[in-house]
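Q: This is the structure alone, sequence omitted:
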């Protein structure tokens, strides 16, 4: 932390004495912090935030762990293995170098995809096929990930509006409809139209039609999303005016929708009131859903956004998967990292949840780097249409670092101090270096295979020394 503080001071052009005065500290005390002889406490971090407007997230050890995990994946197939202590030193002492390395890795992956597409097109007369780039949803996912899934201005705007709005239910729906009509001349209609979906807005006719299949809280969410787009469009546009969003219209539009949905969630579950309830109820998701009249997935999603600098909640990782292992949602306020290319881990409890629908399953899990987590997972489903219509079924997972586990009701009855109680999982088979995993589907790309026709192993894919 001392290195980061010295770097910050140099960037601001401040002497040690000047920064000490700004923080209300003695120069000798500040010098000890910069030399890592004293810890950088929460109180000093808050003083930095107030005095210099510094984002204290940059001093987070979680951010370092996130960078280390991403570099481990990027360098998994490096000609010479890079030891974990080296990566940790880069993340702590030279984070800009680490981020540049990740950017180069992403460009390499993109170039490989382009090359594969060009090779596939050789001799093909469909010359108008576009060379693939990162898909818009991947760009938007990385945008939210880079912001730790928290957008302060959007969150505070929603919370300020929530102080004037009714708490929930039909009253909130009526209030939002009235605001849209009075302030923006938008008329809200109920009832399904062909190919409508949940929400359909006609800018020319200034009408907003909501599906009759939505519950009161779902209607309120869709109305709040539309309100964000028309009332706070300038704020949203400013947030998405960054690269690479500004280079692609589809990515930029998806990001606008994502931020509008963020606003809607923050309006239904206002930050301060929701965080206080979460702490009081020990993050019991069912009780929070009952208090705020929202579903299990909505509560989990909101819990992953509670990272206001002066009042943070537990930093959660939120994920939604289907039976085939596809991740359709992934939001993180922490450093937890899963591979982009290697799939996920079959030992993770989000997949076991499909075998016990509707039941919350807790799991202590340990990653290859030794960090342990508390995970909970449960299935969520929805069904629209009549007999024979397909049902949407997902498993939702919510996890946090083990040091936060005592704050959660789901830690009751678990031995948090026993390392053997944690299930060993990984980021994905292709980038997981565990050699003793019976569930491995692919070999680790960071080491050579050991193939021996005279030796049959219990674990697949032996690794050469």
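A: Perfect, I can see it now. Predicted, not measured: the structure shown is a model, and the values here were computed from it.
Q: where exactly do the strands run in the stretch 51-200 of the chain?
A: All strands of the stretch 51-200 of the chain, identified by DSSP state E, counting those that start in this stretch, fall at 187-190, 199-202.
Q: Is it possible to get CSV of these that adds mean neighbour count, mean pLDDT and distance to residue 437?
A: All C-beta spots, glycine's among them, are computed from the backbone N, C-alpha and C. Below are these laid out as CSV (neighbours: other Cβ atoms under 10 Å; pLDDT from 0 to 100; distance: least, Cβ to Cβ, whole Å):
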stretch, mean neighbour count, mean pLDDT, distance to residue 437
strand 187-190, 14, 90, 53
strand 199-202, 16, 91, 44
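Q: Turn these into JSON lines, including distance to residue 309.
A: Output for those, formatted as JSON lines (distance: least, Cβ to Cβ, whole Å):
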{"stretch": "strand 187-190", "distance to residue 309": "36"}
{"stretch": "strand 199-202", "distance to residue 309": "32"}
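Q: which one of those lies closest to residue 413?
A: Counting by Cβ to Cβ, residue 413 lies closest to strand 199-202 out of the strands of the stretch 51-200 of the chain; the figure is 42.1 Å.
Q: hmm, who's touching the closest one?
A: Here strand 199-202 makes contact (Cβ atoms under 8 Å, 6 or more residues apart in numbering) with 186, 193, 207-211, 222, 225-226.
Q: before we move on, what about stretch 173-183?
A: Applying Cβ under 8 Å, 6+ apart, the contact partners of stretch 173-183 are 165-166, 186-188, 208, 216, 219-220, 223-224, 226-227, 230-231.
Q: Can you tell me which of the residues you listed comes closest to residue 434?
A: Nearest member of the contacts of stretch 173-183 to residue 434, counting by Cβ to Cβ, is residue 224, at 44.1 Å.
Q: Run through the stretch 101-250 of the chain and note the low-pLDDT ranges.
A: 113-114, 116-134, 168-169, 192-195 (pLDDT under 70).
Q: which residues of it fall in helices?
A: 136-146, 152-162, 169-184, 216-231, 233-239, 249-268 (DSSP state H, counting those that start in this stretch).
Q: wait, which of those helices is closest to residue 405?
A: Of all these, helix 136-146 sits nearest to residue 405, with 22.8 Å by Cβ to Cβ.
Q: Which strands or helices does the closest one pack on?
A: helix 249-268, strand 327-332 (3 or more Cβ pairs under 8 Å, 6 or more residues apart in numbering; DSSP states H and E).
Q: mind running it again at 10 Å?
A: Under the contact definition 3 or more Cβ pairs under 10 Å, 6 or more residues apart in numbering; DSSP states H and E, helix 136-146 sits against helix 61-74, helix 249-268, strand 327-332.
Q: which parts of the second one are buried?
A: This points to helix 249-268. Residues of helix 249-268 classed as buried by neighbour count (16 or more other Cβ atoms under 10 Å): 251-252, 254-256, 258-268.
Q: List just the nearest of those residues to residue 172.
A: residue 268 (7.7 Å).
Q: returning to what we had before: of the strands of the stretch 51-200 of the chain, which is nearest residue 139?
A: Comparing the strands of the stretch 51-200 of the chain by their distance to residue 139 (Cβ to Cβ), the top pick is strand 199-202, with 23.4 Å.
Q: quick one: low-confidence ranges for the stretch 251-400 of the chain?
A: 333-343, 384-385.
Q: Could you pull out the strands in the stretch 351-465 of the chain for me?
A: All strands of the stretch 351-465 of the chain, identified by DSSP E, counting those that start in this stretch, fall at 361-366, 372-382, 392-401, 423-424, 449-450, 462-463.
Q: and the first one with strand 392-401, angle?
A: In terms of direction (axes from the mean of the first three to the mean of the last three Cα atoms, to 10 degrees), strand 361-366 departs from strand 392-401 by 50 degrees.
Q: next one: strand 361-366 to chain centre, how far?
A: A distance of 19 Å separates the centroid of the chain from that of strand 361-366, by Cα atoms, centre = their mean, to the nearest Å.
Q: and it, which strands flank it?
A: When sheet partners are counted by DSSP bridges, strand 361-366 sits next to strand 372-382 (antiparallel), strand 423-424 (parallel).
Q: Pipe those strands into TSV and attach distance to residue 199 and mean neighbour count per row.
A: As requested, those are arranged in TSV below (distance: least, Cβ to Cβ, whole Å; neighbours: other Cβ atoms under 10 Å):
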stretch	distance to residue 199	mean neighbour count
strand 372-382	16	20
strand 423-424	40	16
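Q: domains of this structure?
A: Domain assignment of the chain by automatic domain parsing yields the ranges 2-59, 62-133, 152-268, 317-383+390-428.
Q: What's the end-to-end length of the longest one?
A: Looking at domain 152-268, the gap from its leading to its trailing residue is 16 Å under the measure Cα to Cα, to the nearest Å.
Q: and what of stretch 196-214?
A: By Cα to Cα, the extent of stretch 196-214 from end to end equals 12 Å.
Q: Sort out which residues of that stretch are buried, please.
A: If you call a residue buried by 16+ other Cβ under 10 Å, then stretch 196-214 has these buried ones: 199-201, 208-211, 214.
Q: can I get the helices of the stretch 101-250 of the chain in JSON lines with distance to residue 330?
A: Output for the helices of the stretch 101-250 of the chain, formatted as JSON lines (distance: least, Cβ to Cβ, whole Å):
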{"stretch": "helix 136-146", "distance to residue 330": "6"}
{"stretch": "helix 152-162", "distance to residue 330": "19"}
{"stretch": "helix 169-184", "distance to residue 330": "29"}
{"stretch": "helix 216-231", "distance to residue 330": "20"}
{"stretch": "helix 233-239", "distance to residue 330": "19"}
{"stretch": "helix 249-268", "distance to residue 330": "12"}
